[in-house]
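Colleague: Structure, please.
(one chain, ligands or ions: 1)
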Amino acid sequence: MPKNILITGGTGFIGGHLSQHLVDSGYHVTILTRSDLSERANSDQIKFASSLDSLANIDWYGVINLAGEPLDKSRWSDEQKAQIIDSRVSMTLRLNTWIRDLPKPLEVYISGSAIGWYGHWQDEFLDEASTYHAGFSHQLCEAWESAANELADLETRICTVRIGIVLGADGGPLPAMLLPAKLGLGGPMGSGDQWWSWVHIVDAVRCFEMLLDNSLARGVFNLTAPAPVPQGQFARILGKQLNRPAVLPLPGFMAKLMLGEFAEEVLLNGQRVLPKNLTAAGFTFNYPELADALRDLA
Ligand SMILES: NC(=O)c1ccc[n+]([C@@H]2O[C@H](COP(=O)([O-])OP(=O)(O)OC[C@H]3O[C@@H](n4cnc5c(N)ncnc54)[C@H](OP(=O)(O)O)[C@@H]3O)[C@@H](O)[C@H]2O)c1
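Modeller: The predicted model follows:
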């Protein structure tokens, strides 16, 4: 009997790759979406739904919750920041109510989060036991994680995935970096010393599958490759892959002028995160090194 998985955010970059990967592995996937269902073609293995109400009578194995307003959709006003948080928390609370009412407990609930939970750090290594520095990214991720953990009293396994910078050819930050890099304009952003903890999209979806399948997996998991790099080094490795020197830097003040607080939170600051719990669970990366990931994608 194929296992049924419900995915929110399944129309997005990570969710789209994940849905296809899970179908290829024999799961049946249902994607909860706000989009027009008449534009979505159901197949035997992937179905689309616009409301949780119609989904109660299915025998669910797991739920993966990734939906949320994109961080780079527009400049961060107070209103936009509230929407970024609320889009994730309100979806999670709706899911919680639905999951509690299911006739049979879920095996596993995988909740999205991000390495922004740790806030801004310098060169310190961070793992799942590390603490955080306060700021908007932490506030967002903490609100999202806390909402999911309201189900902690159920027998369902809860896995919280602190997602790093996901590299793919068709989503995440890489496509926007390729054009300037091809023109030789992809130099360091700000100091270039800020750590970028990245992961290849292939390893990202493999990680979600492992968390579905591994009956011992529960708790927090950093989803980052084991070899994070400073952003300036990222730019150099990308330039080398493209045979273009990464020379022209983007000064920090310019990035802030163009992108506002988003630049400060996401591009000019970072954290050096290690996937300690994934490694302890036996997960191995197809792309542990950035040069190999970029050779595949760029
Ligand atoms: N990509 C990364 O590098 C990265 C890193 C760390 C964390 N994350 C987090 O992981 C999740 C998935 O990332 P992604 O890159 O796949 O994101 P994405 O491509 O932007 O997709 C997000 C999905 O969320 C839904 N959505 C968008 N705005 C929404 C809103 N206002 N209310 C409710 N749902 C909304 C959309 O689904 P529908 O339009 O079908 O409803 C969309 O498909 C996101 O929450 C993101 O913050 C991503």
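
Colleague: Which residues of the chain lie near the ligand?
Modeller: 9, 11-15, 33-35, 66-71, 87, 91, 112, 114, 163, 165-166, 171-172 (C-beta under 6 Å from any ligand atom). Bear in mind the C-beta positions are built from the backbone N, C-alpha and C, glycine included.

Colleague: Spatially nearest residue to residue 74 (excluding sequence neighbours)?
Modeller: residue 80 (5.8 Å; C-beta to C-beta, 6 or more residues apart in numbering).

Colleague: Name the secondary structure element that contains the one you found.
Modeller: Using DSSP states H and E, residue 80 sits in helix 78-100.

Colleague: Counting by contacts, list what the helix or strand following that helix packs against.
Modeller: Following helix 78-100 in sequence order, the next helix or strand is strand 108-114 (DSSP H and E). With contacts taken as 3 or more C-beta pairs under 8 Å, 6 or more residues apart in numbering; DSSP states H and E, strand 108-114 sits against strand 60-65, helix 78-100, helix 136-149, strand 157-163, helix 201-213.

Colleague: Dump these to a markdown table, plus distance to residue 274, mean neighbour count and mean pLDDT.
Modeller: Converted to a markdown table, the helices and strands packed on strand 108-114 look like this (distance: least, C-beta to C-beta, whole Å; neighbours: other C-beta atoms under 10 Å; pLDDT from 0 to 100):
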| stretch | distance to residue 274 | mean neighbour count | mean pLDDT |
| --- | --- | --- | --- |
| strand 60-65 | 23 | 24 | 98 |
| helix 78-100 | 25 | 16 | 97 |
| helix 136-149 | 17 | 19 | 98 |
| strand 157-163 | 11 | 23 | 98 |
| helix 201-213 | 14 | 21 | 98 |
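
Colleague: For residue 127, find the nearest of the ones you listed.
Modeller: Proximity to residue 127, assessed across these by C-beta to C-beta, is greatest for strand 157-163 (10.3 Å).

Colleague: Note down every partner strand of that closest one and its orientation.
Modeller: strand 108-114 (parallel), strand 219-223 (parallel) (DSSP bridges).

Colleague: Could you provide those in TSV, with additional columns for mean neighbour count?
Modeller: Below are the strands paired with strand 157-163 laid out as TSV (neighbours: other C-beta atoms under 10 Å):
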stretch	mean neighbour count
strand 108-114	24
strand 219-223	22
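
Colleague: Mean pLDDT added to those strands, as CSV?
Modeller: Compiled in CSV, these are given as follows (pLDDT from 0 to 100):
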stretch, mean pLDDT
strand 108-114, 98
strand 219-223, 98
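
Colleague: Throw these into JSON lines and include distance to residue 56, thanks.
Modeller: Below are those laid out as JSON lines (distance: least, C-beta to C-beta, whole Å):
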{"stretch": "strand 108-114", "distance to residue 56": "16"}
{"stretch": "strand 219-223", "distance to residue 56": "28"}
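
Colleague: Out of these, which gets nearest to residue 257?
Modeller: Counting by C-beta to C-beta, residue 257 lies closest to strand 108-114 out of the strands paired with strand 157-163; the figure is 24.8 Å.
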